[in-house]
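Undergrad: sequence first, predicted model second:
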Amino acid sequence: MVKLDSISKSFGGKPVVENVSLEVEAGERFTLLGRSGCGKTTLLRLIAGFETPDSGTISIAGQDVGSLPVEQRPVGMIFQNYALFPHMTIYDNIAVGPRIRKHSESEIAKRIDELLEITHLEALRDVYPGQISGGEAQRVALARAVINRPKILLLDEPLSALDLSLRQHLREELVEMQRALDITFLFVTHDQEEAMGLATRMGIMDNGCLQQVGTPPELYEKPQTAFIAEFLGEVNRLTGKVEQRSGNQITVSLASAGTFQCVSDLPGPENQNVTCYVRPEKLFFDTDRPQTEPVNVLQGTLLGIQFFGSHTRYQIELTDGQTLTLSIQHRKSRSLQYSIGDSVRVLFAVSDVFIPTKK
Amino acid sequence: MVKLDSISKSFGGKPVVENVSLEVEAGERFTLLGRSGCGKTTLLRLIAGFETPDSGTISIAGQDVGSLPVEQRPVGMIFQNYALFPHMTIYDNIAVGPRIRKHSESEIAKRIDELLEITHLEALRDVYPGQISGGEAQRVALARAVINRPKILLLDEPLSALDLSLRQHLREELVEMQRALDITFLFVTHDQEEAMGLATRMGIMDNGCLQQVGTPPELYEKPQTAFIAEFLGEVNRLTGKVEQRSGNQITVSLASAGTFQCVSDLPGPENQNVTCYVRPEKLFFDTDRPQTEPVNVLQGTLLGIQFFGSHTRYQIELTDGQTLTLSIQHRKSRSLQYSIGDSVRVLFAVSDVFIPTKK
Amino acid sequence: DSSPSGKTYLVATDATLVPMSFMSVGNDIIGFEPDFMRAIAKEAGINIRMINVEWAGLFGGLITEKFDMVISSVTVLEERKERMAFSEPYLKSGLALVVRKNEEDINSFEDVQKNKKLVGAQIGTTAYFLLERDADVRKKGYQMYGHAVADLINGEIDAVLGESTGTLFYKNQNKPLFNKIKMVGEIMTDEHYAIVFRKGDNDLLTQINSALQKVLADGTAARLHRKWDLGQAAQIPK
Amino acid sequence: MSLPTKKISNPQSWAWNLAVLMSFIFLVYLPAQEVFITKEQSGGYVELLSLLPSGVFYTLLVTLLGSASAIIVGLLVGLGKLSDNPLIRIPVSFYIEVLRGIPLLVLLFYIYYALGEFIHMPALVAAVAGFGFSYGAYMADVFRAGIEAIPKEQGEAARSLGMNEKQAMFQIILPQALRTIIPAIGNQTLGMLKDTSLVSVLAISDILRVGNEYATKHFNYFETYTYVALTYLLLTLLLSRGVQNLENRFRPA
Amino acid sequence: MSLPTKKISNPQSWAWNLAVLMSFIFLVYLPAQEVFITKEQSGGYVELLSLLPSGVFYTLLVTLLGSASAIIVGLLVGLGKLSDNPLIRIPVSFYIEVLRGIPLLVLLFYIYYALGEFIHMPALVAAVAGFGFSYGAYMADVFRAGIEAIPKEQGEAARSLGMNEKQAMFQIILPQALRTIIPAIGNQTLGMLKDTSLVSVLAISDILRVGNEYATKHFNYFETYTYVALTYLLLTLLLSRGVQNLENRFRPA
Ligand SMILES: Nc1ncnc2c1ncn2[C@@H]1O[C@H](COP(=O)(O)OP(=O)(O)OP(=O)(O)O)[C@@H](O)[C@H]1O
Ligand SMILES: Nc1ncnc2c1ncn2[C@@H]1O[C@H](COP(=O)(O)OP(=O)(O)OP(=O)(O)O)[C@@H](O)[C@H]1O
Ligand SMILES: [Mg+2]
Ligand SMILES: [Mg+2]
């Protein structure tokens, strides 16, 4: 639906988007995730036509849109604050697009009424944007954008101005609307949870570069770079030396803290320094039920316990000073009872350790 | 250390704090949690002396402070934005208190140097607040407040202005500092996770009333009111009719969606409507390993799947239209593979269902 | 309080009336009246300092003791006599009409009245009072006399009524500008100019009056009349 | 900087009410009490009361026309300042710098007496032109800032819905900008009402001029200027209430 | 409302540079070219150049003294406006309402001529008092707003560290408020520099007065007012650069 081919853009000599190629298919909810300032908004603005790429081509539904001005591109845009027009009623807001395109008022009314029904906004037809809630505003913005039947809808952090509970709710609503209206989403955010919760497919940007594209589980479980591993969800870092390797089976030594095994086709010599990752939810205490697969065992001291209702997080210090975080969801009544200062054994499956190989 | 006895306060006839009694012990990290506008800040300001209670007494370390002006109360205060004095160096900021108390400069210097060491701020001694990070600012605010040896430190949402990752980090740091300096904390926040993660004990406020006081697990697992159940962490609500009761064993009917059992000494007649709660992390799919305790089983349709990296959330619609959320942490490699629209069976232990009984 | 040797008397003048009283290039107050006043002071053996005051403030300032005398082409009027005291007149002059050179319709004040012409004058002066006396005259007041003449030349008004000496002086400057205007009709009124005092300041009044008589009599006044080219319209009293 | 520079008045305050009341009472009381005392001791308030209405008329006339011309100049110059074309933007900025650097009184003299040598115009026209040019340079900022205060997403949303730049400006941006522009224009007009006292030097018979003429004839400076000041005070206070109403009406919901 | 009301100048712009350059060039060029042409066609620029320095002196003197007195009035009135005591706050608010409602020119006449009947004062004193009272009412807002702009937590933090209210105000609040107050005072002074042209009606020999006297004598209005306007322009532009420097220096880090 949208195809970016080697797009680059700099502002005043500073590269903001670098050589990004990306294809978003029809019907996808594609999420672009990246830290503030990594160039996400700029990428959206390039697609919408508010900026012109320094190099590369953008095509939408097979058509090169490089020479089209904003108003002629088949894209819709949802802004962070929705940018509803405060001096127009909800109805008139939605009618802006078709009116500019000189559709007849009766036809416009028919389509708007349909849309108001789909978006559950019938009651707000003649109300002004100042009087509606954040969630309603989001639906109006959606209706206003989709009435023009854009080929793709660009959403620039539409949830980030809202508070947490509303955000979770609207996220689900957004998915529902996307299904109901059957449009393609390109969604931009800096919130990992939001990105993973929304996306059918996602890409991670850093410093203007698109680092990896895939489904959320692909990115979470097989991050190709250290950046992604650390950016997407929480992760423990273990830095040691490659002690031994046979095939892709690697033994890593943590000096005084012992050794552990992992599977990776890491290149390079033996004895090199290596940083390995394991997620907090993949760690177990000794007392947990035995694993059926090969596990690593490390010894440590319990430094801290934080209770978070649905789960508890434990800080464990290894004998070499590195710390691990272990997170346990309380699926059973809490029975585990370590206290701070206790010596504990931490287990994790060999297959749960990963080493990102790309730079 | 601090004892509030039936404190009430209203502004312009509107009650903001109503009949609050509370005791915070020496060395505690006591957290007050409540929604925005529930009167948390007002309560802190009453203790600090910025407001005068309409009725009730406040004593600190056994002394009634009702007649003391702000500057003579033995409390320290940390503001949301830390309120460092921008026109003074870090050193001078910390020195404000002792200088007003006319301590000698040499003595002040000695104590500040000690504090700077504990708070790892030695390098910032002569720097201005504009040039330091949020975390450093927090530590300066701490040092500035504790140098006066307050009996209690009041913290008004000191983390809410920071972004998420910094917040988590500073939360841990705050706990560490509290231990190192051995002071009593009274911490106010509207963030449930923060409250539970920080507190040794906590209280929950709503509409100016203190609803329940206890340790975080007590409040999470045995909430006395529906408000707390829904406010503290995520929860599923199941509304049905009491079909049968024997002792405290209750059978609840969900009409077309079947029945389930729970344990509660709920008063009132049979056939009354009742709302039961069960946490998302206490729900299992049929395919999960069998439980050793009595379980309920409900039938439903899978409505939505949201992947969040460390866990996945499933939306299940029961045949009577009520929905349940089920959350599973990915402790093992993900094997469960339902897809949207599938019919599923949801299991939960009878002991994991609760019914708050207080209003 | 009239110790002749010590005190310096402040004499106010509106230094925007050429050639009677105006500012020199060196930013001094010069003209017929400053010279005349200094001659009197010398004669009377007192110290004076001339100060420049906006016309509108001359009498108020005198009454409220901001200064002690005013010499600024002030015509002796009965209304003024009610509030202030006057010396013997030192000059008899008159008001005259000035119009643009190519003006054919105005040859006298009657023409102005008849043809409803627009006439300008400086406010607070006898010229303006004269215009005010006749409700039918279309008039326009200016803060400074020169502004009225400028407006006449620029074509906004049809005539200016004012102190005749100034106009003659301008003409004699021989600037191209002044070829655009002319004086018409006769000198319309007899105006007796005198030095103004606060009521009750009788010692000073007497002292100045006798000095004034001497300066008029010994020819100093006539010399200054020639020096500042006051023309026939203004006459030193006999 | 968000410090207020020259807000004239705070018409919702006690002080406003008090000031209006007092100025009104004095304006009525002073002439009224004269009727009961002998003419000789009179300060002339009755006469002033009969003279001032025509002064008030001219004061308001100059304010009204000056404001209108300032709005026109301001709109043109303000849009010019926002132009992408440097051939428009630079001269327009230059205009603003120059006009703001010259005192209004000097500008009035300049237009009437200096430019009067080339262009004949009645004093009223000169005054209106002076206010138009001078206040126009400030009004330009009102328009510019009003337009710039509209979040740029508004324009971009309009574009992405199919409007071209002009349509976005006139259908989306300007209508919203008027909410802040109109009260600001009111404030400028309030300032102008006071500055119209300067036209008294151009021989326009405004309030101050009428007062000056009366005072220089009757020497009752205290009474005259008291009455003149009270008249201005009442006018500005009342207009400030009008401006406040505008602000309230246009305050974002 | 955050719209700017009367910012005089934007000294970092091209337009500022251009305006300074042009006004300076003309101020030098106009007299210079006269030296090479016959006296008869002269507009008198050489003479004006010799007359104006004393006018500039008075203009700057009135600005300086007026500004100083306005700061004193402003500080007192501003603190009064913040007072908890209604016996202070209400009269002070009334003062502000009244002084802002009276045109500066009227106030100058009032002080010099009307009050002059009771209190004797030279024109310069009347002018300085007029600026002090009038601008003081605006400066009061500068102080008040500057103090109120400091987050109230600053004062509360000071209190909770052991300061009483007075210590908190003078050691914590005011020093911070000066960062915004000082540039704002600069801006007011810039406005005052232009408004000093009004003192010409009190026969203080400022720039405009000197020009008026010259012009009414030689009838070269165009040349005179051009030169006067250029002089004011250069002064305001230069002062505005100074104010800008203040703003830059005090801009929050
Ligand atoms: N018009 C512009 N001119 C100059 N620099 C710009 C412009 N637009 C963006 N930038 C710079 O480009 C970088 C990327 O900006 P962009 O808005 O695309 O980031 P982002 O990923 O959307 O960040 P955020 O999450 O904060 O919105 C930033 O450093 C920004 O300062
Ligand atoms: N000085 C005051 N005058 C009038 N009303 C006040 C005052 N202070 C607080 N209130 C009101 O009291 C209520 C509680 O305020 P408070 O600041 O204590 O809430 P809070 O729990 O701290 O909320 P938040 O989480 O938003 O900080 C609010 O409705 C607020 O508007
Ligand atoms: Mg962005
Ligand atoms: Mg609060």
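TA: Structure's in. What do you need? Numbering: from 1, shown residues only, chains lettered A, B, ... in the order given. Ligands and ions are numbered 1, 2, ... in the order given.
Undergrad: show me what contacts the residue nearest the centre of chain C?
TA: Among the residues of chain C, the one closest to the centroid is residue C:73, at 2.5 Å (CA atoms, centre = their mean). For residue C:73, the contacting residues are C:17, C:20-21, C:33, C:91, C:93, C:163, C:193, taking CB atoms under 8 Å, 6 or more residues apart in numbering or on different chains as the criterion. No exception for glycine: its C-beta is placed from N, CA and C like everyone else's.
Undergrad: can you tell me which of those are in helices?
TA: residue C:33 (DSSP state H).
Undergrad: if we can go back for a sec, and the residue nearest to the centre of chain C, which of the three is it?
TA: coil (DSSP: H, G, I helix; E, B strand; the rest coil).
Undergrad: what average pLDDT does stretch D:18-36 get?
TA: In this model, stretch D:18-36 has an average pLDDT of 85.
Undergrad: quick one: buried residues of it?
TA: Buried residues in stretch D:18-36, counting neighbours by 16 or more other CB atoms under 10 Å in any protein chain shown, are found at D:18-20, D:22-23, D:26-27, D:30-31, D:34.
Undergrad: picking that back up, quick check: the residue nearest to the centre of chain C vs residue C:219, distance?
TA: Distance, residue C:73 to residue C:219, using CB to CB, to the nearest Å: 22 Å.
Undergrad: for residue D:72, same thing?
TA: With CB to CB as the criterion, residue D:72 and residue C:219 are 64 Å apart.
Undergrad: on that earlier part again, among the contacts of residue C:73, which lie within strands?
TA: The strands, defined by DSSP state E, take in C:17, C:21, C:91, C:93, C:163, C:193 from the contacts of residue C:73.
Undergrad: tell me the confidence at the nearest residue to the third one once chain neighbours are set aside?
TA: Put plainly, it is residue C:91. Nearest residue to residue C:91, sequence neighbours excluded (CB to CB, 6 or more residues apart in numbering or on different chains): residue C:193, at 4.3 Å. We have a pLDDT of 92 for residue C:193.
Undergrad: what's the local residue count around residue C:193?
TA: Other residues near residue C:193 come to 26 when the count uses other CB atoms under 10 Å in any protein chain shown.
Undergrad: where does chain C have low pLDDT?
TA: Along chain C, the model assigns pLDDT under 70 to residues C:1-5, C:167, C:169-178.
Undergrad: okay, the residue in the stretch 201-350 of chain A positioned nearest to chain E and residue A:34: tell me how far apart.
TA: Proximity of the stretch 201-350 of chain A to chain E (CB to the nearest CB) peaks at residue A:207, 27.1 Å away. Relative to residue A:34, residue A:207 is positioned 9 Å away (criterion: CB to CB).
Undergrad: the two: which is more packed in?
TA: The neighbour count for residue A:207 versus residue A:34, taken as other CB under 10 Å, is higher for residue A:34 (25 against 15).
Undergrad: test my guess that that one contacts residue A:204.
TA: Yes: the criterion here is CB atoms under 8 Å, and residue A:34 meets it with residue A:204 at 6.3 Å.
Undergrad: can you show me the CA trace of stretch A:96-108 as PDB?
TA: Only the C-alpha atoms of stretch A:96-108 are listed here, as PDB (Å, rounded to 0.1, in the frame of the first residue of the first chain):
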ATOM      1  CA  VAL A  96     -14.500  19.500   5.500                       C
ATOM      2  CA  GLY A  97     -13.000  16.900   3.200                       C
ATOM      3  CA  PRO A  98     -16.000  16.100   1.000                       C
ATOM      4  CA  ARG A  99     -17.000  19.700   0.900                       C
ATOM      5  CA  ILE A 100     -13.600  20.700  -0.500                       C
ATOM      6  CA  ARG A 101     -14.100  18.000  -3.000                       C
ATOM      7  CA  LYS A 102     -17.400  19.500  -3.900                       C
ATOM      8  CA  HIS A 103     -19.600  16.500  -3.100                       C
ATOM      9  CA  SER A 104     -23.300  17.200  -2.800                       C
ATOM     10  CA  GLU A 105     -24.500  18.000   0.700                       C
ATOM     11  CA  SER A 106     -27.100  15.200   0.600                       C
ATOM     12  CA  GLU A 107     -24.400  12.700  -0.300                       C
ATOM     13  CA  ILE A 108     -22.100  14.100   2.400                       C
END
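Undergrad: buried set for the helix or strand of chain A with the lowest mean pLDDT?
TA: Lowest on mean pLDDT, DSSP states H and E among the helices and strands of chain A sits helix A:164-181, with a mean of 82. Within helix A:164-181, the residues scored as buried using 16+ other CB under 10 Å are A:167-168, A:170-175, A:177-178, A:181.
Undergrad: can you give me the helices for chain C?
TA: C:32-44, C:58-63, C:78-83, C:109-114, C:126-133, C:145-153, C:164-173, C:202-217, C:220-227.
Undergrad: residues in contact with the fifth one?
TA: To tie it back to what came earlier, the one meant is helix C:126-133. C:75, C:77, C:95, C:119, C:121-122, C:137, C:139, C:141, C:161-163, C:188-189, C:191, D:213, D:217.
Undergrad: any idea how far residue A:99 is from residue A:108?
TA: Taken as CB to CB, the span from residue A:99 to residue A:108 is 7 Å.
Undergrad: please apply the same query to residue D:83.
TA: 34 Å.
Undergrad: more neighbours, these two?
TA: Higher neighbour count among residue D:83 and residue A:108: residue A:108, with 18 against 12, using other CB under 10 Å.
Undergrad: and that one, what is it in contact with?
TA: A:95, A:98-99.
Undergrad: try it again with 6 Å
TA: A:95, A:98 (CB atoms under 6 Å, 6 or more residues apart in numbering or on different chains).
Undergrad: partners of the biggest strand by length in chain A in the sheet?
TA: Criterion DSSP E: the longest strand present in chain A is strand A:295-307. The pairing partners recorded for strand A:295-307 under DSSP bridges are strand A:311-318 (antiparallel), strand A:343-349 (antiparallel).
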